[in-house]
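>>> A structural model of the following input is requested.
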Amino acid sequence: MNIDTFASLKVLMDNLECEATDEQKALHELQKQCNEILFLIKNLQFNNDSAHVQLATRQALQYIHRAISEIDTKRIENTPVGPNSKVDLQDICGPAHASLEIILNLNYK
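Presented below is the predicted three-dimensional model:
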């Protein structure tokens, strides 16, 4: 298994921008993070042909694509939020976390 890929995915999971007051900044940051997750998962899928890694990456890709789709939906809706209000980003962070959990569970010793 690629230690660097797993380390990078763990850092991304620990730093997902899931609590924010500025929705546009949070969406921008989440978009960047989700794109990086997508890249790392595809890289893992391409570089490891074992059956369980292929299955896990396929499932993880479905979740991360869902998160990216939710980001696009939120951008289109552009619902204003009051000052000092928390923005609900769980519909994005839930699938993103799920994709990361699936892959990080492969990193057993």
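>>> how about low-confidence regions in this structure?
Residues of the chain meeting the criterion pLDDT under 70: 1, 79-87, 108-109.
>>> Which residues are in contact with Gln59?
99, 102 (Cβ atoms under 8 Å, 6 or more residues apart in numbering). No exception for glycine: its C-beta is placed from N, CA and C like everyone else's.
>>> Wait, a strand at it?
No: counting by DSSP: H, G, I helix; E, B strand; the rest coil, Gln59 is located in no strand; its state is helix.
>>> distance between the helix or strand harbouring Asp91 and the chain's centre?
Asp91 belongs to helix 90-104 when assigned by DSSP states H and E. Offset of helix 90-104 from its chain centre (Cα atoms, centre = their mean, to the nearest Å): 5 Å.
>>> for that helix, packing partners?
With contacts taken as 3 or more Cβ pairs under 8 Å, 6 or more residues apart in numbering; DSSP states H and E, helix 90-104 sits against helix 3-14, helix 23-47, helix 51-77.
>>> State whether Thr57 and Gln45 are indeed in contact, as I suppose.
Yes: here Thr57 reaches Gln45: they are 3.8 Å apart, a contact under Cβ atoms under 8 Å.
>>> So between these two, which is more surrounded?
Taking neighbours as other Cβ atoms under 10 Å, Thr57 and Gln45 compare with Thr57 leading, 22 against 17.
>>> gap between that one and Gln33?
Thr57 is 18 Å from Gln33, where distance means Cβ to Cβ, to the nearest Å.
>>> if we can go back for a sec, tabulate the helices and strands packed on helix 90-104 (a markdown table), appending distance to Asp88.
Formatted as a markdown table, the helices and strands packed on helix 90-104 follow (distance: least, Cβ to Cβ, whole Å):
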| stretch | distance to Asp88 |
| --- | --- |
| helix 3-14 | 19 |
| helix 23-47 | 9 |
| helix 51-77 | 10 |
